[in-house]
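Any chance you could fold what I've pasted below:
(chains A and B, ligands or ions: 2)
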Amino acid sequence: MNSILKRASRNFLWQHPWQLALAILGIALGVAVVIAIDLAMESSLSSFNQAARAFSGNATHRIIASDGGLDEKLYSRLRVGLGLANLSPVVTGYVKLEQPGEDSFKLIGIDPFIEKSLHSGWQTGHKKNSQQDLLTQLMNEPNSALLSEKTAQRLKLPVNAPLNIVTDHGTQQLKVIGLISANNAVSEQVLAKLIITDIATAQEVLGLFGRLSSIEVLVDKNATETLSTIQNVLPGSALLISMDNQGDSMREMTRAFSINLKALGLLSLLVGMFLIYNTMTFLVIQRRHLIGSLRIVGVTRQQIFLVIIGEAFLLAIIGTFIGIALGIVLGQGLLHLISGTINAIYFHIDTASLMITPLQIGKGVLLGISATLLAVLPPAFEATRLSPVKVLARSRLESDSRRLMQSIGLISVVLISASLAMALFSGKSITVGLASIFVILFGFGLLTPVLTLLLMRLIERLFGRFLGILGRLPVRMVSAEISRTGIAIAALMIAVSATIGMDLMIGSFRQTVAQWLHSSLPADLYVSLPGDKMAAGKALTDQFLKEKIASLGGVQMLSSVFHTKLIADDQLTKVSAFELNLKSRQGFIFTHKVAANFWYRFENQPTLLVTEPYAYHHAVKLGQKILLKTDQGEHSFEVAGIYADYSGDQGHLAMSRQNYQRYWPNLGYSGIGVYAREGADIKQLESGISQLLTMPQSVKSDQDIYKASMEVFDQTFTITETLRWLSAAIACVGVFSALMALQFERTRQLGILRAIGITTRQLTVLIISETGLMGLIAGLLAIPVGLIVAYVLIFVVYQRSFGWTMAFFFDSGSLFQGLVFAFLAALLAGVFPAIKMAQTRPAEALRTE
Amino acid sequence: MTTEAAISLEQLNKSYRESDQQHVVFRELTLRVSRGEFIVLLGRSGSGKSTFLNLISGIDPPDSGKIIINGTDITSLSEHDRTLFRRYHIGFVFQSYNLIPTLTVAENLLLPLELIRRASRKDRDSVAELLDRLKLSDRLDSYPDRLSGGEQQRVAIARALIHDPDLILADEPTGNLDLDTAEQVLELLDILVRKAGKTMIMATHSQEVIGKANRVFSIRNQSLHLE
Ligand SMILES: Nc1ncnc2c1ncn2[C@@H]1O[C@H](COP(=O)(O)OP(=O)(O)OP(=O)(O)O)[C@@H](O)[C@H]1O
Ligand SMILES: [Mg+2]
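Ligands and ions are numbered 1, 2, ... in the order given. The predicted structure is shown next:
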């Protein structure tokens, strides 16, 4: 019996290849997007500091420092003074090759011999003897360097060839004395953009005399005493961190970003589940006669249920595996988008390559199969309910589902209100915020069939007279088969409202940032002074430059900023030290009222300002004290103000330069704001300033900075945009499959219409108007739902994720775009079934049922 | 022949291809039907009754041969023109599921009219009148699935006639009905079609109809045999 059952099911599946393919596509696309996001995100994160890690080997801790770097003397004090053996000093920086068209390379200076105790990855895979020679040579020969074999090949550099590199301090020549190749600890990807030298060469090339970038430390996990001994000798600018913690903090930093991305992935999966649900429902309804006859013959409910579930399982496995393959391809595409965004707003990551772990594949398999089985439960239960005596007619099924819909409508109203309340009153949780959006979408999805029926009734009431019978037919068909049409409309509505919501959110965010940029760029020209802050003499040359700019004819006054990192509450924290004038003070947008003596306190008392995200993440209030580490111990600063800042989501601190220089060394400037005299020629001033500048320095107008910043903004949202369109595309496939199924089910009815004398053209118009109508309804319903989604995204999710407050900017364009998209998508989805139905010969159509 | 035949079939061939098997339904079939004639088709299931009706209505094209209805050779028409021809000249009644489930009884009846012209006040009145004659005037705004099988067939007959076609094709119109109801439906067809002088071809198993027919054919061995 069982094998006959299976054969009956298999035959049926093969007879509907379209539905079969669409179901598999649904699973595959859903799984692919989730997997791709996961892979790309994980790979981006793990590529952080990959190069450095390849050289840190077994190191358990790392001593890092803010911009000034570490004094070499610290290293000898730890090694000789404290007798710590397992230390490895590192100097790193970025350099460019003289060859045009080459990206920047990471230059790592290491101590070739001490380094061995850490068993770092790049050493272990090589033959002992040749390695030993190379290391000795690296140590003994000045300006010698190692390069990866592949890179050397690409650049056509043989061993002993000169390697010309460009830094802030001009061009320098290194000599390639050996080639290294990738092994299981260091990937080719890591080595590709790497130049290895000894410490002295790196210091010289990068101009970091007597300074180190970090020191790798290997200590016993339990040796807390050793750790605290190290802590005690560290200067105020240095921080001992554990390697594990560093990874964690990277993850923590990008957590909000990652959660939001994964939510987008889940959205795609959800829409994919609709596809599966839809196909399986179709397959069950199509087989109601077959199932009815089987029940008469004595097949039990359980057997029917198992056959349906078995089918779904088969589809799930095929779909999931295609999905994983697709996900890997897609992940490759998303990788540079995601790592680009992380690079732009979080931290520098070396070139990322896609890393695929069994864990992630396992997650994908689990997700694909469970999502499929979940989606197939309702139709599987429906199949068991089919009565053996009398197979229910379509219309009976419809009137049943109408009754069901009313109670579902009621439930959904409760669901929506509950999730709105949950969104607003759930504290700081991002996940709950996002979950509430999903529930809101789902709730409105449930409500959609009821609303559709009401709308159809309204349309008939209003336009019925003008439409004629043929014109009324599409309206009737939508409401007559509401159990099918309603679900397709709901799926499209969900996808479109999510799109509208995200569009409004991004738009509002963009506007907010644009306004903020406008007010926070009060100067006419901005001079940017990048370059390594460890470099000796930077403070002096910067000071000199600033004075020269001040003495230029058209300059009225200057402001300046120095971006650095200090250790605040035991965390390396971004701090900006400002020299402000009356105009630049107005560039700050405070979240609170500013007292009369505010700026006096800012300049002269131990106070600081925090950005809004900082205040949010660290729960900082006005008047609170923040401890900052200096070389003379910790000092406490009072939070005097909280201001808007959208340049990063981790937040930072700001203080007056006067305050800064009281405790920390002068390391020059990061930027100088130039305020032109009334009537001065800005263009002329700009060229005047640019003549004073050297290579990496630049001068830009406020508009240029504005444009560049908005470009970065748009770039960071490319990924969101991409994923949003991806899920919209999957929704379209879903609607397409639903419409295909729908038209297929009414073959007989369409055959009768053809017999009566309706032409193929009229039939095509009929079907396309029905699907267009469905799209229109989906679009109309998506407008209010999209607004709600946008509201929750802006005031709940993004606020919680990043600590930014933004204003809601209503954009009717987004709404209209959503409406048009829904309409066109459904229209388009109707074209193929319409053509197929029109092509079906009426004689064939009449043979069915 | 002095009077032009209403239907004239000349050397019709029709077969279906199923994978690599050729299944011949009609071979060199020739027939003339006069205006106002009532033809009954008999034949075993699968003999080709439905196929015959589909050929005449232009729903299914023949492999070769000519089908001339009221002087128009429909085999020479395009698919589109055949559909328009059907719209104006032919009324259809099937065994079951005749009506469009999403339209009310009145709308089902108005549909063929509307295909021909914008339905007028007068058309609505004639629909109401026709339903009155069928004793269905209270079901004007009902949907088909609320009607009994007999009622549905009566509406289907009304729909086949509403636009005043010359030719009525009926494919086992009583096949799904009990004897009493079947008799009512047949009587109705007799009154409405025959008395109006329209040509009708009906495929049926029902013995009662045979007496009322002008000619009775049965389909055997891929051709028609006069009984
Ligand atoms: N589209 C088709 N493809 C293949 N064979 C067909 C097709 N349509 C009809 N046939 C075959 O042609 C023959 C005649 O079919 P038709 O439906 O005309 O029979 P019928 O006399 O109306 O039978 P019934 O009394 O059961 O309605 C049958 O053998 C049928 O299998
Ligand atoms: Mg038949």
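
any idea of the pLDDT on A:Phe274?
For A:Phe274, the model assigns a pLDDT of 77.

typo on my end, A:Arg677
For A:Arg677, the predicted pLDDT is 91.

Now do the contacts for it.
A:Gly554, A:Val555, A:Gln556 (Cβ atoms under 8 Å, 6 or more residues apart in numbering or on different chains). Just so you know, the C-beta spots here come from the backbone N, C-alpha and C atoms, and that holds for glycine as well.

among those, which ones are buried?
Applying 16 or more other Cβ atoms under 10 Å in any protein chain shown to these, the neighbour count classes A:Gly554, A:Val555 as buried.

and chain B, which of the contacts of A:Arg677 contact it?
Among the contacts of A:Arg677, proximity to chain B is found for none (Cβ under 8 Å from any Cβ of the partner chain).

which non-adjacent residue is nearest the residue most central in space within chain B?
Taking Cα atoms, centre = their mean, the centroid of chain B lies closest to B:Leu169, which sits 1.5 Å from it. Nearest residue to B:Leu169, sequence neighbours excluded (Cβ to Cβ, 6 or more residues apart in numbering or on different chains): B:Leu53, at 4.7 Å.

packing partners for the helix or strand containing that neighbour?
Secondary structure from DSSP states H and E places B:Leu53 in helix B:49-57. For helix B:49-57, the helices and strands in contact under the criterion 3 or more Cβ pairs under 8 Å, 6 or more residues apart in numbering or on different chains; DSSP states H and E are helix A:842-847, strand B:7-18, strand B:21-33, strand B:38-42, strand B:64-69, strand B:167-171, strand B:199-203.

Could you export these as TSV, including mean pLDDT and distance to ligand 1?
Output for the helices and strands packed on helix B:49-57, formatted as TSV (pLDDT from 0 to 100; distance: least, Cβ to the nearest ligand atom, whole Å):
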stretch	mean pLDDT	distance to ligand 1
helix A:842-847	76	6
strand B:7-18	89	3
strand B:21-33	89	5
strand B:38-42	91	8
strand B:64-69	92	16
strand B:167-171	91	7
strand B:199-203	91	6
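
how much space between the spatially closest residue to A:Met456 that is not a sequence neighbour and A:Gly471?
Spatial nearest neighbour of A:Met456, chain neighbours left out: A:Ser479 (4.2 Å); criterion: Cβ to Cβ, 6+ apart. From A:Ser479 across to A:Gly471, the span is 15 Å (Cβ to Cβ, to the nearest Å).

Say whether ligand 1 is contacted by the helix holding B:Leu53.
Yes. Applying Cβ under 6 Å from any ligand atom, one finds helix B:49-57 touching ligand 1 at B:Lys49, B:Ser50, B:Thr51.

Give me the contact list for that helix.
For helix B:49-57, using Cβ under 8 Å, 6+ apart, the contacting residues are A:755, A:843, A:846, B:7, B:9, B:12, B:14, B:25-26, B:41-43, B:60-62, B:67, B:69, B:86, B:90, B:92, B:167, B:169, B:171-172, B:201, B:203, B:219.

Okay, now the unreliable bits of chain B?
Within chain B, the stretches with pLDDT under 70 are B:1-4, B:119.

swap the cut-off to 50 and go again
B:1-2 (pLDDT under 50).

Residues of it that sit close to ligand 1?
Residues of chain B found near ligand 1 (Cβ under 6 Å from any ligand atom) are B:Tyr16, B:Glu18, B:His23, B:Val25, B:Gly43, B:Ser45, B:Gly46, B:Ser47, B:Gly48, B:Lys49, B:Ser50, B:Thr51.

What's the PyMOL syntax to select whichever of these are buried?
Buried residues among the residues of chain B next to ligand 1 (16+ other Cβ under 10 Å), as a PyMOL selection:
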select buried, chain B and resi 25+43+47+48+49+50+51
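
Quick check: the farthest pair among the residues of chain B next to ligand 1?
By the measure Cβ to Cβ, B:Glu18 and B:Gly43 form the most distant pair in these, at 20.0 Å.
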